[in-house]
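A.B. asks: here is my input, please return the structure:
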Amino acid sequence: MSELIRLSAAQMAARVRSKQVSPTELVQAHLARIDRINPKINAFVSRDPEHALQEARAAEAAVARGAELGPLHGVPVTIKSSIDVAGFRCETGTKLRAGNVASQDAPLVMRLRAAGAIVLGNTNVPEMLVSYTTDNLLYGRTNNPWDLERTPGGSSGGEAAAIAACCSAAGVGSDGGGSIRVPAHFSGICGLKPTPGRIPITGHFPQCVGPFAFLGVVGPMARTVRDLELLLEVMAGSESGDVCAAPVPFRRVSDAEARKTRIGWFEDDGVTRVTPETRAAVRAAAGALEQQGFEVVPFLPQGLEKARQLWWTFFGPVGGLMLGPTLAGHESELSPTLREFVSLVSAEAPPTLEGVLNAWVGRDLCRSALLAQMENFPVLLCPVSTGPAARHGQLGWTQDAGRVSFLETMRYSQWFNLTGNPAAVVPAGRSPEGLPIGVQIVGRPYEEEMVLAIAGKIEQALGGWREPPIE
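C.D. replies: All right, here's what the predicted structure looks like:
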């Protein structure tokens, strides 16, 4: 039974289809794992074991009668608690939404269920999703299964911890500045930040409208690249509630097509240095691709620092302005991290109409400049952040992380929220302490399939996910 939880989502679905394992066995194995491991990592917000088992028995009956099965039939998954799942709390980690229960599934959850997936529960987040650590006043701190004294990252930290620790086969996070990619990197799993509109973000709170329509996305998280591809195929497709909805059909990329793609790689941006083990992981990934016959060329895109500054304009001052009415008068109820964020943005001059307009134009120019450079390098390979998972309390919005501020350590992810590029993370190395190190594979808009094809080659060469020593 314990070996079932270590299978990939694709393997689970294949065994269900071949009747080697039943959906009930899969759900029972995961529920037992959650009971044993969640007290250590504190990844879950809501669970409904009885309903999950009921769905599993229905899925088992469908197999028995020879019904047509979806690509995720019987596979247990989890969802970030900022995304609506009917009957589960969607509080986004804040007391200001305490007790809020979703009345219906978000479109992406509907699509997962239609594909046969069984939702085990939803997972912990920082308050209002404004931190790279996962902690809040409702549910407390989530711990990294590689080291309980470290963070699994944020804001999809609960999701990353649950998947890494085999409490869930796969799931869904959201990303406005690295919130899928950083937790995947910190926790040793895979994650995909898609192009805005590729997967509908309807049913997410806070709503991704205005500038957050191009910053924020929802995307799959899993232990293998193949599972990311499987979830993307199931969830992708336009939806009327998503202002960036794009009717881009899913397509598979052949090995021959992938090998024709020129890859540019860089270890750091020349501004914020990375740790030696991060540098080694990027080099290992580049070397692995080169050994497989890919053209891999050192290349540092121009304009990245401007992109980081513009990202902060939208995420920080403009984001603070958008949150202002919700938070006004409730300052005493906010978590320390959210208060720190509010204090940081309040210290800056309030955004003006001219300033926001100039930033919006600047964003479009930055994006165009990067895409022009990617005509020669359709895929980029680079770090996710400057180093591995931090210790609890080590990092905050205004604390110093050693050589640079915490905000700057995450620049490697922030750029691509500003420009809207899809980006995947795959494990590629280890720190001296044994912590996982991921690398980031970035593609052109709506070319997620190419990004995943390259990520899969890195995974194949370097080994991919390994089980953390949680037990």
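
A.B. asks: every contact and neighbour count from this point should use C-alpha atoms.
C.D. replies: Will do.

A.B. asks: next, give phi and psi for W265.
C.D. replies: phi -130, psi 150 (degrees, to the nearest 10).

A.B. asks: repeat that for S240.
C.D. replies: According to degrees, to the nearest 10, S240 has phi -60, psi -30.

A.B. asks: do you know how far it is from Q207?
C.D. replies: From S240 over to Q207 the distance is 14 Å, taken as Cα to Cα, to the nearest Å.

A.B. asks: so where do the helices sit in the stretch 101-250 of the chain?
C.D. replies: All helices of the stretch 101-250 of the chain, identified by DSSP state H, counting those that start in this stretch, fall at 107-114, 157-164, 181-187, 212-215, 225-235.

A.B. asks: SS state for C366?
C.D. replies: helix (DSSP: H, G, I helix; E, B strand; the rest coil).

A.B. asks: number the chain from 53, please
C.D. replies: Happy to do that; since the first residue is 53 now, the last one works out to C418.

A.B. asks: count the neighbours of it for me.
C.D. replies: 21 (other Cα atoms under 10 Å).

A.B. asks: just give the closest residue to it, not the sequence neighbours.
C.D. replies: A359 (6.3 Å; Cα to Cα, 6 or more residues apart in numbering).

A.B. asks: tell me the confidence at E460?
C.D. replies: Per-residue confidence (pLDDT) for E460: 86.

A.B. asks: what sits against it?
C.D. replies: T324 (Cα atoms under 8 Å, 6 or more residues apart in numbering).

A.B. asks: okay, and for this structure, where does confidence drop off?
C.D. replies: Regions of the chain meeting the criterion pLDDT under 70 cover residues 53, 450-456.

A.B. asks: S60 is nearest to which of the helices of the stretch 153-302 of the chain?
C.D. replies: helix 277-287 (7.0 Å; Cα to Cα).

A.B. asks: list the contacts of the very next helix or strand once past the closest one.
C.D. replies: Following helix 277-287 in sequence order, the next helix or strand is helix 307-311 (DSSP states H and E). In this structure, residues lying in contact with helix 307-311 by Cα under 8 Å, 6+ apart are G345, F346, E347, M502, A505, I506.

A.B. asks: wait, the third one touches T313, no?
C.D. replies: Yes. The criterion here is Cα atoms under 8 Å, and E347 meets it with T313 at 7.4 Å.

A.B. asks: confirm that F429 sits in a strand.
C.D. replies: No. With three-state DSSP as the criterion, F429 is located in coil rather than a strand.

A.B. asks: need the phi and psi values for it.
C.D. replies: The phi/psi pair for F429 (degrees, to the nearest 10) is phi -130, psi 80.

A.B. asks: show me what contacts it?
C.D. replies: T313, R314, I315, G316.

A.B. asks: 7 Å - rerun?
C.D. replies: Listed by Cα atoms under 7 Å, 6 or more residues apart in numbering, the contact partners of F429 are R314, I315, G316.

A.B. asks: try V234
C.D. replies: G205, G206, V436.

A.B. asks: top of the residues you listed by neighbour count?
C.D. replies: G205 (35 neighbours).

A.B. asks: list phi and psi for that one.
C.D. replies: phi 90, psi -180.

A.B. asks: residues in contact with stretch 263-281?
C.D. replies: Contacts of stretch 263-281 (Cα under 7 Å, 6+ apart): 60-62, 215-216, 221-228, 241-246, 248, 251, 253, 260, 283-284, 295-296, 366, 469-470, 472, 504, 507-508, 517.

A.B. asks: now swap in stretch 71-80 and tell me
C.D. replies: L56, R67, V68, L105, A108, R109, A111, E112, G126, V127, P128.

A.B. asks: mind redoing it with 10 Å?
C.D. replies: For stretch 71-80, the surrounding residues in contact (Cα atoms under 10 Å, 6 or more residues apart in numbering) are 53-54, 56-57, 64-69, 81-83, 85-86, 101, 104-113, 115-116, 125-129, 168-172, 220-221.

A.B. asks: filter the contacts of stretch 263-281 down to the ones in strands?
C.D. replies: A222, G223, V224, G225, S226, D227, C242, G243, L244, K245 (DSSP state E).

A.B. asks: before we move on, back to that, between S292 and Q259, point out the one with more neighbours.
C.D. replies: Q259 (14 against 10).

A.B. asks: so which helix or strand takes in the residue nearest to C418?
C.D. replies: Going by DSSP H and E, A359 is part of helix 356-365.
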